[in-house]
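Asks: Following is a predicted model, sequence given first.
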Amino acid sequence: MPGGNTDKGLGANKNEIFLSLENSTQYIDWWHEPVPEEDFDHEGYLLSFVLRPGAIYGISNKINLYLTTTIGVRSMDWFGDNHSLHHRDEHTGDDFDNAIGGVLGDSKIILRYLLKNTGAGDGYRIIIGSGITIPSTNTLTIDPFAKSDGIIAPHRHFSMSDGTYNYNSDLQIFYKQSANPVFFGGSLSIEKPIDKNEYSYLSPTSTKGVISAIYKRFDKLDGSIDISLGIQSFSLAYWGNKPSPNSDAFIMTPSLSYLFNLKKGALSIGLQKPFFLSGSFAGNEGDIKQTTKVWQLIVSYRSMSI
């Protein structure tokens with residue numbers, strides 16, 4: 001499970017099924033300077049708890065079907081006693097003026113072709129894939145930056161889904177061997193919106209690359225250490241024809257995980273520290289002074305073939 005990604009580096013033979021569950025807990029500590037009509041610092045934290053159940057099915061020895069969905073909640077804790085139109089204590093389970101609440105996020109259907117797949121043996125695993133993201137209805141319905149007669153209405157910046165159908169494509173190249181590193185390689189994935197959603201929102205295009213190396217402990221623990229580095233870029237998002245502030249970003253994420261081999265699968269526990277090389281937290285208010293500190297805990301499980 002390179003980088004805690006349960007669907008990466010794995011190909012199923014015909015009629016094999018691999019089940020998985022990923023848990024991502026993300027903590028964002030944020031601050032930004034005062035904004036017009038609110039002459040005080042804005043700060044708080046955003047906590048996201050997200051589960052991603054998934055399954056890989058071998059349609060044949062060469063073609064795999066990958067299915068996954070997202071279930072979770074994102075909650076904002078607003079620091080201070082000042083009333084703000086922009087922020088407050090809230091979470092994505094509830095509706096708001098410009099948001100439909102709920103726990104269901106996006107789902108994905110991906111078909112993958114196994115160019116090379118050595119199974120449990122040494123050698124290359126080269127996989128290409130393409131598919132679609134199906135959004136949930138738990139999304140923003142009105143531009144949070146919109147003004148009516150020059151006045152900003154109370155709004156929320158975050159949701160469980162962007163509400164757009166997206167194209168997905170990915171490439172995986174990994175190599176397995178008996179000596180350390182026992183498993184290494186990388187993946188490249190692109191997710192691009194097909195069109196705006198029903199509320200005239202066009203989500204950003206995401207391009208993500210990850211390289212990973214797994215080092216096995218040859219002792220009684222029979223565990224492994226995974227060292228990964230991810231680079232992800234987001235293009236500008238749009239409400240109508242208007243760019244959404246802070247939606248474009250370039251993020252570097254180093255990751256360190258420990259993998260446990262279990263009788264019926266494998267468990268990975270990892271810590272990630274994203275760094276914004278450009279851009280910032282999309283939940284903040286446009287081109288202003290701001291800081292963002294992010295940590296992520298990733299716990300992943302993948303079953304043996306069933």
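Replies: Cool, got the structure. Numbers count the residues shown, from 1 in each chain.
Asks: what bits of the stretch 201-306 of the chain have low per-residue confidence?
Replies: 280-288 (pLDDT under 70).
Asks: Swap in 80 and give it another go.
Replies: Per-residue confidence for the stretch 201-306 of the chain (pLDDT under 80) gives these ranges: 218-222, 246, 279-291.
Asks: Which stretches in it count as strands?
Replies: Under the criterion DSSP state E, counting those that start in this stretch, the stretch 201-306 of the chain contains strands at 201-202, 206-216, 223-234, 238-239, 242-243, 249-262, 265-272, 275-278, 290-303.
Asks: what do you get for the stretch 1-150 of the chain?
Replies: 17-32, 42-58, 63-78, 90-91, 104-117, 123-134, 147-148.
Asks: closest one to residue 302 among the ones you listed?
Replies: strand 17-32 (4.5 Å; CB to CB). Using the backbone N, CA and C atoms, a C-beta is placed for each residue, glycine as well.
Asks: tell me the mean pLDDT for the closest one?
Replies: Throughout strand 17-32, pLDDT has a mean value of 92.
Asks: Contact partners for residue 3?
Replies: Contact analysis of residue 3 by CB atoms under 8 Å, 6 or more residues apart in numbering lists 210, 212, 226, 228, 230, 255, 257, 270, 298.
Asks: picking up where we left off before, between the strands of the stretch 1-150 of the chain, which has the poorest mean confidence score?
Replies: strand 147-148 (a mean of 74).
Asks: Parallel or antiparallel, list what pairs with that strand.
Replies: strand 151-152 (antiparallel) (DSSP bridges).
Asks: I'd like the next helix or strand past the partner strand.
Replies: strand 166-176 (DSSP states H and E).
Asks: quick one: buried residues of that following strand?
Replies: 166, 168, 170, 172, 173, 174, 175, 176 (16 or more other CB atoms under 10 Å).
Asks: does the last one really touch residue 125, like I thought?
Replies: Yes - Residue 176 sits in contact with residue 125 when judged by CB atoms under 8 Å, with a separation of 7.0 Å.
Asks: shared neighbours of these two, which are they?
Replies: residue 118.
Asks: Specify which member of the contacts of residue 3 is nearest to residue 244.
Replies: For these, the nearest to residue 244 is residue 230 (23.2 Å; CB to CB).
Asks: check contacts around that closest one.
Replies: 3, 208, 209, 210, 251, 252, 253, 254, 255, 272.
Asks: Can you name the residues bridging to it?
Replies: Assigned bridge partners for residue 230, using DSSP bridges, are residue 210, residue 253.
Asks: could you check the distance from it over to residue 252?
Replies: 7 Å (CB to CB, to the nearest Å).
Asks: And for residue 30?
Replies: From residue 30 to residue 252 the distance is 18 Å (CB to CB).
Asks: before we move on, back to that, what about the strands of the stretch 1-150 of the chain, which gets the closest to residue 292?
Replies: strand 17-32 (5.1 Å).
Asks: In that closest one, which residues are buried?
Replies: Buried-residue list, strand 17-32, by 16+ other CB under 10 Å: 18-24, 26, 28-32.
Asks: Kindly report the same for stretch 218-236.
Replies: 224, 225, 226, 227, 228, 230, 232, 233, 234, 235.
Asks: same check, this time on stretch 2-21
Replies: Under 16+ other CB under 10 Å, the buried positions of stretch 2-21 are 2-12, 16, 18-21.
Asks: Need the distance between the two termini of it.
Replies: 14 Å (CA to CA, to the nearest Å).
Asks: Find out how far that stretch is from the centre of the chain, if you would.
Replies: 17 Å (CA atoms, centre = their mean, to the nearest Å).
Asks: got it, and stretch 248-258?
Replies: Using CA atoms, centre = their mean, the offset of stretch 248-258 from its chain centre is 11 Å.
Asks: Going by neighbour count, list what's buried in that stretch.
Replies: Applying 16+ other CB under 10 Å to stretch 248-258 flags 248, 249, 251, 253, 255, 257 as buried.
Asks: Noted, bye for now.
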